[in-house]
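*Asks:* what's the 3D shape of this:
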Amino acid sequence: MSIRLGANPIIWSNDDMRELGAETSLETCLAEARLIGFEGMELGHKFPRDARELAATLDRFGLACVSMGRNGRGAKVGGDRDAHRCSAHGGTGRGHSGSHAARLHAGVGGAGDG
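*Replies:* A predicted model of the protein is given here:
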């Protein structure tokens, strides 16, 4: 059995305190995640909100949408609409089922939805 890892973009920038990592572009985040060896990313505030644009952005870096993060108050970042956008890219918005998400579980580097 092989293990594939996904990451939370909080490693590069923070969703609750957006000034932390504000200078880091989404492209830098995704390029570095792939370079490190991650195969998927949770959604964060810098990600496109349109499902097709999200898919195209992640595809450029060979990454899958694996899960949705939660902010410090326990609410899903982006809400149910973003869960649908993640689903449109092969994830479920939860990281535990779906074509990509069944093989990838995000949770490295931040407060994922576990």
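*Asks:* so where do the helices sit in this structure?
*Replies:* Along the chain, counting by DSSP state H, helices occupy 26-36, 51-60, 79-88.
*Asks:* can you tell me which residues contact the nearest residue to E32 once chain neighbours are set aside?
*Replies:* Of all residues not flanking E32 in the chain, W12 sits nearest, at 7.1 Å (C-beta to C-beta, 6 or more residues apart in numbering). Quick note: C-beta positions are derived from backbone N, CA and C, even for glycine. By C-beta atoms under 8 Å, 6 or more residues apart in numbering, the contact list for W12 reads G21, T24, T28, C29, E32, A33.
*Asks:* Per-residue pLDDT of W12, please?
*Replies:* In this model, W12 is scored at 96, pLDDT.
*Asks:* for the one 3 residues further on, same thing?
*Replies:* At D15, the predicted lDDT confidence score is 92.
*Asks:* do you know how far it is from T28?
*Replies:* Using C-beta to C-beta, to the nearest Å, one obtains 16 Å as the distance from D15 to T28.
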